[in-house]
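Enquirer: Can you look at this prediction? I've put the sequence above it.
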Amino acid sequence: MTLMQRGFLLDPNRCLGCRTCIMACAANKNLPVGIYLRTIEKQEQRIGNRILKYYLSTSCNHCNNPECFRLCPKQALKKRKDGIVLHDSLKCDGCGTCTRSCPFEAPVINNITGRMIKCDLCHDKVDEGEDPACVAACPVKALQLINIDEVDRQEDVVRRLPGVIKIQITRPSIRYKRLKSGIQVLRNTIKEGVSGYNSDEL
Amino acid sequence: MNYSELFMQAMRELAKGSQITELAEMLAKQIEKVVIITDATNRVLAHYDPLDTGIKMSKFFTLKYHIADNVSKESDTNNKRFYEDKWDAEQGLINYVYFPIEVEGKSYGNCIVLCSSEEMAIEQIKIVEQMSLIFLLALRERLQNDAARERFSDEIVYDILYNNYDSKVALYEKAKHLHWDMEGPYAIVVVETIPDKIDTVRKTGSLKFNSSSPIHTIINKKVVFILSLTNILSKNIEDSINSFVEKLLSNLAFSHIKDVQIGISSTAKALTDLHQSFQEAKIALELGKAFNLGQINHFEKMGFLKFVFTAPAQELQEFGGRILGNIIFHDLELETDLLDTLKVYIEQQGQIANTAKALYIHENTLRNRLKKIEQLINLDLGRIDHLVNIYIALQIFALDFYDGS
């Protein structure tokens, strides 16, 4: 049975770090104040003698091998046939095992309900053929909803970028467009080759 | 009965719903020779011995494929339709000829007759050729039925393995409908190989385990086997699973599939715990690949490695950087191989002589390097607590370079 795995594609060359995705998610899910299911991180990476600056917009990666799903003592998580990892808040007792086990720290505890909450890829919208709130709201189309297998064949797509957590054991369902070095590149005098990153990450 | 009469009778039998075994019997009786029918994975589907020779068959009959030189006799139509070889059976070397059952390059199996080509009359060859067409139809129908059954069972297995069901009662009802053994405990074996060989692995792997065939499916280019461990003593579970896996590997080797990676879960008590075991098996497989632990990886034997990657990634990277950062920087600055030296030293259990041999350097050179390493990381390689930290840092380093491919 070959299953489709849905996930996000982030184009760091387009992302402005405007946080619209975060706000759209919070508004759509009616999240309490201060709780967000998506984060934006500014990255400043030194690659050889270049400095690259970009933003990383991250939420639950709906991993192929989700650790939250394996370790939840209440069996409150499930994975749909399209790969979306869903959480049943009625089963959850807010123990926090999932938040600790996720290498990406994606699940968060909702202080109001005392239970875990995580990105569900707006599965109700996806079922209707629409985009998730974060994807629909992005003003520069930096975020896209994709079928991972289809995108993996594209040459300009990579599994991770410098600054992204280097954990591939869980097989996160997120892909990135290759960084394009243009006006972002700042020359400096650091000796070439000091970087700890692989060139294939770019 | 001449060959066209036999063909018509076999067609009628097929239309009536006769199985491959009955058709094989019909053919064997007609030509008075042992007939074996295999599928495309060389699994023996039918075997009939009208002469009562007592030849024992195993589950698979591996043959050499389509070597032009093996063609020993041609039919009237000049089509090279059959091949000849020798089978190394318990009774010694036995001659056989085989007729590939294929259409448009797609193989459905083989019709094997135990005799040499000289022992087959032209009439008999024509009979086998015509019967091969009947077998082709029977095998195609079998394949279609199998595919439909697999689709239905795959849906249910997916729901079980991803905890994706609303009612346990409905789940048990469906499982009963498929005649699955409902009693636990269970273990899961996940097999990864080259994507275009996945179907072969699935078919080859449906061996008997604990007196029944394991439930199997393909999920995300991996073959998943659910093994029922009912009535196996807990102390024998590991051996039983290992023997299943070894048998599977040896069958795959027969089909020339050697690039295989296997992950094995711990025991799940009930059908409803299987989703966790499934994740364990996948994680064992991934960890085995990331840390080069070998072909077969038991989740239970992963030790602390199974906790390493679930720790917050930022902390892991900080920890790894704190322990090994100075060595990495030194290696890059001065083009030395201290990190590699440390890795080999740990791999060689801290044995100076073995490490020097593995690195092709003198023991004194190694001692100097180790001293330099100790100075750089400010840790003592003679202390177990320091060594544990170094070992963990090296594993984190290995994880960093694992890209999941």
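Expert: Looks like it arrived, so ask away. Keep in mind that what you see is a predicted model, and the values were worked out from it rather than measured.
Enquirer: Could you point out which residue ranges in the chain have low pLDDT?
Expert: Answering for chain A, as no chain was given. Low-confidence segments of chain A (pLDDT under 70): A:1-3, A:181-202.
Enquirer: ah, no, chain B please
Expert: Scanning chain B for pLDDT under 70 picks out B:64-80, B:181, B:206, B:309-314, B:400-405.
Enquirer: ranges for the strands of it?
Expert: B:35-39, B:44-48, B:83-89, B:92-103, B:106-113, B:186-192, B:215-219, B:222-228, B:261-264, B:296-298 (DSSP state E).
Enquirer: Out of those, which is closest to chain A?
Expert: The minimum distance between chain A and those falls on strand B:215-219, with 5.6 Å, by Cβ to the nearest Cβ. Any C-beta I mention is one placed from the backbone N, CA and C, and that applies to glycine too.
Enquirer: How far off centre is that closest one?
Expert: 12 Å (Cα atoms, centre = their mean, to the nearest Å).
Enquirer: thinking again about what came up before, dump the strands of chain B to TSV, plus mean neighbour count and distance to residue B:275.
Expert: As requested, those are exported to TSV (neighbours: other Cβ atoms under 10 Å in any protein chain shown; distance: least, Cβ to Cβ, whole Å):
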stretch	mean neighbour count	distance to residue B:275
strand B:35-39	24	32
strand B:44-48	19	34
strand B:83-89	16	45
strand B:92-103	18	40
strand B:106-113	21	36
strand B:186-192	26	10
strand B:215-219	21	12
strand B:222-228	24	11
strand B:261-264	24	15
strand B:296-298	21	19
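Enquirer: ok, residue B:391 to residue B:326 distance?
Expert: Noted for residue B:391: a distance of 17 Å to residue B:326, by Cβ to Cβ, to the nearest Å.
Enquirer: Verify the stated contact: residue A:85 with residue A:78.
Expert: Yes. Using Cβ atoms under 8 Å, residue A:85 is in contact with residue A:78, at 7.5 Å.
Enquirer: residues bridging contact with those two, i.e. touching both?
Expert: Counting by Cβ atoms under 8 Å, 6 or more residues apart in numbering or on different chains, the shared contacts of residue A:85 and residue A:78 are residue A:69.
Enquirer: higher neighbour count, the two?
Expert: Just comparing residue A:85 and residue A:78: by other Cβ atoms under 10 Å in any protein chain shown the higher neighbour count belongs to residue A:85, 26 against 21.
Enquirer: tell me how far the top helix by length along chain A is from the chain's mean position?
Expert: What stands out as the longest helix in chain A, according to DSSP state H, is helix A:20-29. In terms of Cα atoms, centre = their mean, the centre of helix A:20-29 is found 14 Å from the chain centre.
Enquirer: What is that helix packed up against?
Expert: On a contact count with 3 or more Cβ pairs under 8 Å, 6 or more residues apart in numbering or on different chains; DSSP states H and E, helix A:20-29 meets strand A:39-47, helix A:133-137.
Enquirer: tell me the most buried of those?
Expert: Greatest average neighbour count among these goes to helix A:133-137 (a mean of 21), per mean count of other Cβ atoms under 10 Å in any protein chain shown.
Enquirer: Please see if stretch B:213-231 touches chain A.
Expert: Yes. Interface with chain A: stretch B:213-231 contributes B:217, B:218, B:219, B:220, B:221 (Cβ under 8 Å from any Cβ of the partner chain).
Enquirer: and the end-to-end length of that stretch?
Expert: 15 Å (Cα to Cα, to the nearest Å).
Enquirer: for the closest residue to residue A:27 other than its chain neighbours, what are its contacts?
Expert: Excluding the flanking residues, the one nearest residue A:27 by Cβ to Cβ, 6 or more residues apart in numbering or on different chains is residue A:133, at 7.4 Å. Going by Cβ under 8 Å, 6+ apart, residue A:133 touches A:24, A:25, A:27, A:28, A:29, A:122, A:125.
Enquirer: since we're on the first one, how many residues are nearby?
Expert: Other residues within reach of residue A:24, judged by other Cβ under 10 Å, total 19.
Enquirer: can you give me the helices for the chain?
Expert: As the question left the chain open, I've gone with chain A. Per DSSP H, chain A carries helices over the ranges A:20-29, A:67-71, A:97-101, A:123-127, A:133-137, A:148-151.
Enquirer: that's the wrong chain, I wanted chain B
Expert: Secondary structure of chain B by DSSP H: the helices cover B:3-16, B:20-31, B:122-161, B:168-177, B:198-204, B:234-254, B:274-290, B:305-308, B:313-334, B:338-347, B:352-359, B:363-377, B:384-400.
Enquirer: what comes up buried for the first one?
Expert: Read that as helix B:3-16. Residues B:3, B:6, B:7, B:10, B:13, B:14 are the ones in helix B:3-16 that count as buried (16 or more other Cβ atoms under 10 Å in any protein chain shown).
Enquirer: wait, isn't the first one in contact with residue B:127?
Expert: So the one you mean is residue B:3. Yes. Using Cβ under 8 Å as the test, residue B:3 is close enough to residue B:127 to be in contact (4.4 Å).
Enquirer: Give me the most central residue, chain A.
Expert: By Cα atoms, centre = their mean, the mean C-alpha position of chain A lies nearest to residue A:58, the distance being 3.4 Å.
Enquirer: Go ahead and confirm it touches residue A:43.
Expert: No. Counting by Cβ under 8 Å, residue A:58 sits too far from residue A:43 to count as a contact (11.0 Å).
Enquirer: which one among the buried residues of helix B:3-16 gets closest to residue A:50?
Expert: Comparing these against residue A:50 with Cβ to Cβ places residue B:14 closest, at 70.3 Å.
Enquirer: Where does the stretch 1-150 of chain B get nearest to chain A, residue-wise?
Expert: residue B:150 (8.1 Å).
Enquirer: Can you give me every residue that contacts that residue?
Expert: Counting by Cβ under 8 Å, 6+ apart, residue B:150 makes contact with residue B:217.
Enquirer: just residue B:280 next, same as before
Expert: Each residue near residue B:280 by Cβ under 8 Å, 6+ apart is listed here: A:70, B:188, B:263, B:265, B:266, B:299.
Enquirer: My guess is the third one contacts residue B:286. True?
Expert: Looking back up the chat, that one is residue B:263. Yes. Counting by Cβ under 8 Å, residue B:286 is a contact partner of residue B:263 at 7.4 Å.
Enquirer: Spit out the residues that contact the two alike.
Expert: Counting by Cβ under 8 Å, 6+ apart, nothing touches both residue B:263 and residue B:286.
Enquirer: Point out the residues in chain A that sit beside chain B.
Expert: Within chain A, the positions adjacent to chain B are A:1-3, A:5, A:64-67, A:69-71, A:75, A:77-81, A:100-105, A:159-160, A:165-171, A:193-194, A:196, A:198 by Cβ under 8 Å from any Cβ.
Enquirer: now, which of these lie within strands?
Expert: A:77, A:78, A:79.
Enquirer: from the helices of chain B, which stretch is densest packed?
Expert: The highest average neighbour count among the helices of chain B, using mean count of other Cβ under 10 Å, belongs to helix B:274-290 at a mean of 25.
Enquirer: Now do that one against helix B:122-161, angle only.
Expert: Angle between the axes of helix B:274-290 and helix B:122-161 is 110 degrees (criterion: axes from the mean of the first three to the mean of the last three Cα atoms, to 10 degrees).
Enquirer: Just the CA atoms of helix B:274-290, as PDB, please.
Expert: Extracted C-alpha coordinates of helix B:274-290, given in PDB (Å, rounded to 0.1, in the frame of the first residue of the first chain):
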ATOM      1  CA  LEU B 274       0.700  -2.700  17.600                       C
ATOM      2  CA  HIS B 275       1.000   0.900  16.500                       C
ATOM      3  CA  GLN B 276       3.700   1.500  19.100                       C
ATOM      4  CA  SER B 277       5.600  -1.600  18.100                       C
ATOM      5  CA  PHE B 278       5.400  -0.500  14.500                       C
ATOM      6  CA  GLN B 279       7.100   2.700  15.300                       C
ATOM      7  CA  GLU B 280       9.700   0.800  17.400                       C
ATOM      8  CA  ALA B 281      10.600  -1.400  14.400                       C
ATOM      9  CA  LYS B 282      10.900   1.600  12.100                       C
ATOM     10  CA  ILE B 283      13.100   3.500  14.600                       C
ATOM     11  CA  ALA B 284      15.300   0.400  15.100                       C
ATOM     12  CA  LEU B 285      15.800   0.200  11.300                       C
ATOM     13  CA  GLU B 286      16.600   3.900  11.100                       C
ATOM     14  CA  LEU B 287      19.000   3.800  14.100                       C
ATOM     15  CA  GLY B 288      20.700   0.700  12.600                       C
ATOM     16  CA  LYS B 289      21.300   2.700   9.400                       C
ATOM     17  CA  ALA B 290      22.400   5.900  11.200                       C
END
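Enquirer: Appreciated, that's everything.
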